[in-house]
Every structure is written in C-alpha cells, then in structure tokens.
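[1] Quick one, what's the 3D model for this:
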Amino acid sequence: MTKPEPNLFLTEEQTAFFHREGYLPINVITSQEEVARLRIIYDRLFQQRAGREVGDQFDLAGTDEEDREAILPQILEPVKYAPELESIQFRVNAASMAQQLLGPAVRPLGEHAIFKPARIGAQTPWHQDEAYWDENFDYTSLSIWMPLQEATAENGCMQFIPGSHKLEVLPHHTINYDPRIHGLEVDEVDPSRSAICPLPPGGATFHQSRTLHYTGPNLSDSPRRAYILIFGLEPKPRKVPNDYYWNKQKRTPSEERRRAAQKKADSKGF
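    All right, here's what the predicted structure looks like:
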C-alpha cells in the first residue's frame, strides 16, 4: 500500500510553544475515519494480547501475572502485529511534524499502544520517558500520543509539567517499589502546576523525552485507548554513562518471556 502524503502541519507558534514548554497539544493529527479504523485494529491486538509470548505485551502497572486482569496493558511495536499500521495518515503526519520540531534528520525510534480498561485502568505515574532508555546515550526525541476516543481528565488524558524538559533525568523507581513491575515513577514531583490536556479523538500531544508527564486512572465506563509514536535524532553516546539503577533492579515477567523467546530463536539458528 502506498503511503499518503502529509496533509497537516504545525504553525510557527506551535513549534515555539513546544520548544519553550516541552510539550504541545493539537486537536487534529488525522481524520475521524482513520481513527475509527484504528480502533478496530487496536482492539483486536489487545484482545489477542499480540506479542505476549515474546515480551511485547505486558501489564505496565501490574505484576503481569497470567491469572490476573491487567490494569494497564501495553503492546510494544504494534506495527509488527498489524502491518497495515505502516501506511496510515497518523504515521505520515506525525513524522512530518517531528521533522518540523527536531529537523530533517529525525527518524522513527519506536511505537507502543497503552490501554486503560474501563473503571479499573490504572494511572501512569509521573515519569520521564528517558528514564526507561539506555543510560549510555543522550537523546533528542519526542513522543506523539494520540487518543482513539475523547481523552479527558476522567479517563486518563495526558498531563505535563511545563518546562521540565530542561531538567536532567531525575531519580525514578518501579511502581510501588516492586521490581516485578515494568512501569516507573519519578521519586519527587510537584504536580500543582501541571497542564492538563484533554483531546478529541484523533488529536495529539507531543512531548520531549525528559518532560515529566502523567495520565490518571480511567474512572469512566469506557476504555481509554492511546497510540504513541516516537521520533528522534540518532542517540549520542555519553562520555560518562548515567546510572539508571532503577532499571537494573527490575525482574519482570515480560523480560523473562523475551529472554525465553530469544533463547528459543537462537537454538533454531535465527
């Protein structure tokens, strides 16, 4: 399938806001028709728990046990399990806007989907994305978060601390200090000046990799679906690595599944 051309662009004012505040909300990044198609694909992937056997699907906020309902299920690289996602307008517009914000050398760095079930969907605690990443590199990157239904304070829209992208990576810990849980939480944060960003379906927020952000629990009667694309420049090796000790302490079931899948693949010679 031929990829569409970009059909939406950021203004100079929006670009300036992003660089000043570290985040940016916009009301439209793709059509309502595409959002409706994406909801069908998205729900199918989560119903199938696509990628679970190789560690790409797991409970971000829970202990990820097989006999326990996930409170914040996530799928890494959903395009691997639904190739039709490669040619969507959202991806094309997101890539074009990322180039506007960070320059022509921007490239895709990954993607994921996060699902908050109705009534039981957990909060995603305050954190910086870079706290999850390789401590040997510095990043110039951004995430583009699109809801597939209205995103509100009640169901878990994005919230940001303006200007926090100028901070270093702060100390984090696993949620509830439980090494079985993949999700991270910053040790200290003052949410009193947070910016709450409700969005219509098919809107988007942009944020830099060190911008502190949060989504609340889903208290509504409907699920909250979010699809996230990550773009950035080539990571730069650090002369002195950071120490993200919080990641070294993790012992998550998803990592165990990933290692087992890799060992199985290695034994088959591919």
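
[2] rest of the way, CA atoms for contacts and neighbours
    OK.

[3] Now tell me which helix or strand of this protein has the poorest mean pLDDT.
    In the chain, the helix or strand scored least confidently by mean pLDDT, DSSP states H and E is helix 253-268, which has a mean of 89.

[4] Using CSV, write out the CA atom coordinates for that one.
    Extracted as CSV, the C-alpha positions of helix 253-268 are listed here (Å, rounded to 0.1, in the frame of the first residue of the first chain):
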residue,chain,number,x,y,z
PRO,A,253,7.8,-11.4,33.7
SER,A,254,7.9,-9.7,30.3
GLU,A,255,11.7,-9.7,30.3
GLU,A,256,11.6,-13.4,31.2
ARG,A,257,9.4,-14.1,28.3
ARG,A,258,11.6,-12.0,26.0
ARG,A,259,14.7,-13.9,27.0
ALA,A,260,13.0,-17.3,26.6
ALA,A,261,11.8,-16.3,23.2
GLN,A,262,15.3,-15.2,22.2
LYS,A,263,16.9,-18.4,23.5
LYS,A,264,14.4,-20.4,21.5
ALA,A,265,15.1,-18.4,18.4
ASP,A,266,18.9,-18.8,18.9
SER,A,267,18.5,-22.5,19.2
LYS,A,268,16.9,-22.7,15.8
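
[5] And what about H112, helix, strand or coil?
    strand (DSSP: H, G, I helix; E, B strand; the rest coil).

[6] Let me see the contact set for the nearest residue to it once chain neighbours are set aside.
    Nearest in space to H112, with sequence neighbours left out and distances taken as CA to CA, 6 or more residues apart in numbering, is L76 at 4.4 Å. Neighbour list for L76: G51, D56, Q57, E111, H112, A113 [criterion: CA atoms under 8 Å, 6 or more residues apart in numbering].

[7] Which residues does the nearest residue to the last one once chain neighbours are set aside form beta bridges with?
    Counting by CA to CA, 6+ apart, Y227 is the residue found nearest to A113 once chain neighbours are left out, at 4.5 Å. For Y227, the beta-bridge assignment (DSSP bridges) gives partners A113, M146.

[8] Fine by me, thanks again.
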